[in-house]
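>>> generate a structure from the sequence data that follows.
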Amino acid sequence: MSLGSESDDSNWTKTEVWVPYLATAALASTATFGGLVAYKRFLKRFPDSKHIPAPLIARKGWIKGVVTSVGDADNFRIYHTPGPLFLWKAPFRRIPTSTKELRNQTIHIRIAGADAPEAAHFGKPKQPYADEALVWLKSQVAGKRVHCQLVHQDQYGRTVANVHLPPHLLPSSLFTGRNVGYEMVKAGWATTYTQSGAAYGSFGKDGFLVAEAKAKASRKGMWVNGEVETPAEYKKRHRIGEDSSSASDPSATESVSWWKRLLPWRSR
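Coordinates of the predicted model:
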């Protein structure tokens, strides 16, 4: 065997020794990068509305959380709980309950599509049925896990979202549950929100208006005695501004077929 051949064999042997280490390092780097991407996309918790990434809102992404307080008849606060539900039942993760723990740790959600009777604010008197509408909303979402499809952030720093309760039997990774805004209009405790920035999710504006008309005809909720001053009329009379930060959602004028409401979707 020539000297050159022995040298080549020696170099190849050294290379063979390093191959497993290099492969392991490459796999470890890939796994670490993949883990960071997965964490950022699916497991990172947003403490408040300001921390929700703009691209996630722009693509109308979803977030999940537990409702910690309901302060008004069409908005509430959630503690963001990304990832599978079982992670939040583990001993090392829990949902805070005290006011101190929750300070600056919740996302203020404004329910899209629904406009409920106004509570007393800024020295203005509350509307009739404001208390009843608040009681209804609390009965639906207080302390419960909700899924929110992000629409935009309004001028008050609230995150406007299509709010859904998870389905009871079907997998929530594939099917949406009840739309809280739509159910509120259907029950007669809210009117259809038609101001700037309106969004209605899969039901579309037509679906909300039909639900409102049926509630009104059936004298449900605030329609029990017939005509009432709507929240929009009340705000106009008192010159209370609502959202002016975004144009109407394209779904506002779209009549959506029932099967589209069951299309798969994701939430984090």
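>>> listing partners with orientation, what would you give for the longest strand seen in the chain?
If you go by DSSP state E, the chain has its longest strand at strand 62-72. Its sheet considered, strand 62-72 pairs with strand 75-80 (antiparallel), strand 145-153 (antiparallel) by DSSP bridges.
>>> list the buried ones in that strand?
Buried residues in strand 62-72, defined by neighbour count with 16 or more other C-beta atoms under 10 Å: 62, 63, 64, 65, 66, 67, 68, 70, 72. Backbone N, C-alpha and C define where each C-beta goes, glycine included.
>>> out of those residues, flag the one nearest to residue 202.
residue 62 (12.8 Å; C-beta to C-beta).
>>> who's the closest one bridged to?
residue 149.
>>> wait, it sits on residue 146?
No: look at residue 62 against residue 146 with C-beta atoms under 8 Å: they stay out of range, at 10.5 Å.
>>> ok, the closest residue to residue 150 other than its chain neighbours - contacts?
Spatial nearest neighbour of residue 150, excluding adjacent residues (C-beta to C-beta, 6 or more residues apart in numbering): residue 57 at 4.6 Å. Shown in contact with residue 57 (C-beta atoms under 8 Å, 6 or more residues apart in numbering): 150, 151, 152, 153, 159.
>>> redo those residues as CSV? Include distance to residue 112 and neighbour count.
Output for those, formatted as CSV (distance: C-beta to C-beta, whole Å; neighbours: other C-beta atoms under 10 Å):
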residue, distance to residue 112, neighbour count
150, 9, 25
151, 5, 24
152, 9, 21
153, 12, 22
159, 10, 24
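>>> in CSV, list the buried residues of strand 62-72 along with distance to residue 166.
Below are the buried residues of strand 62-72 laid out as CSV (distance: C-beta to C-beta, whole Å):
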residue, distance to residue 166
62, 11
63, 13
64, 8
65, 12
66, 11
67, 12
68, 17
70, 18
72, 23
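>>> what is the nearest of the residues you listed to residue 95?
For the buried residues of strand 62-72, the nearest to residue 95 is residue 66 (5.3 Å; C-beta to C-beta).
>>> my read: the closest one touches residue 96, true?
No: counting by C-beta under 8 Å, residue 66 does not reach residue 96; the two are 9.9 Å apart.
>>> overlap of the contact sets of those two?
In contact with both residue 66 and residue 96: residue 79, using C-beta under 8 Å, 6+ apart.
>>> walk me through the domains of this protein.
What the record gives for the chain is the domain set 1-43, 49-262, from automatic domain parsing.
>>> report pLDDT for the nearest residue to residue 52 once chain neighbours are set aside.
Closest residue to residue 52 apart from its sequence neighbours, by C-beta to C-beta, 6+ apart: residue 46 at 5.1 Å. For residue 46, the model assigns a pLDDT of 97.
>>> next one: residue 169
72.
>>> what is the burial count for it?
5 (other C-beta atoms under 10 Å).
>>> same check, this time on residue 228
Residue 228, neighbours per other C-beta under 10 Å, totals 18.
>>> with residue 43 instead?
For residue 43, the count of nearby residues is 13 (other C-beta under 10 Å).
>>> verify the stated contact: it with residue 82.
Yes: using C-beta under 8 Å, residue 43 is in contact with residue 82, at 5.3 Å.
>>> so how far is residue 154 from residue 55?
Distance, residue 55 to residue 154, by C-beta to C-beta, to the nearest Å: 19 Å.
>>> which of the domains of the chain has the lowest mean pLDDT?
domain 1-43 (a mean of 55).
>>> distance to residue 196 added to the strands paired with strand 62-72, as CSV?
Putting these into CSV (distance: least, C-beta to C-beta, whole Å) gives the following:
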stretch, distance to residue 196
strand 75-80, 17
strand 145-153, 11
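>>> of all the ones you listed, which one comes closest to residue 229?
strand 75-80 (20.2 Å).
>>> output the closest one as CSV, nothing but the C-alphas.
Below are the C-alpha coordinates for strand 75-80, written out as CSV (Å, rounded to 0.1, in the frame of the first residue of the first chain):
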residue,chain,number,x,y,z
ASN,A,75,-66.9,43.0,26.8
PHE,A,76,-64.8,41.0,29.3
ARG,A,77,-61.3,40.0,30.2
ILE,A,78,-59.5,36.7,29.5
TYR,A,79,-56.4,35.2,30.9
HIS,A,80,-54.6,33.8,27.7
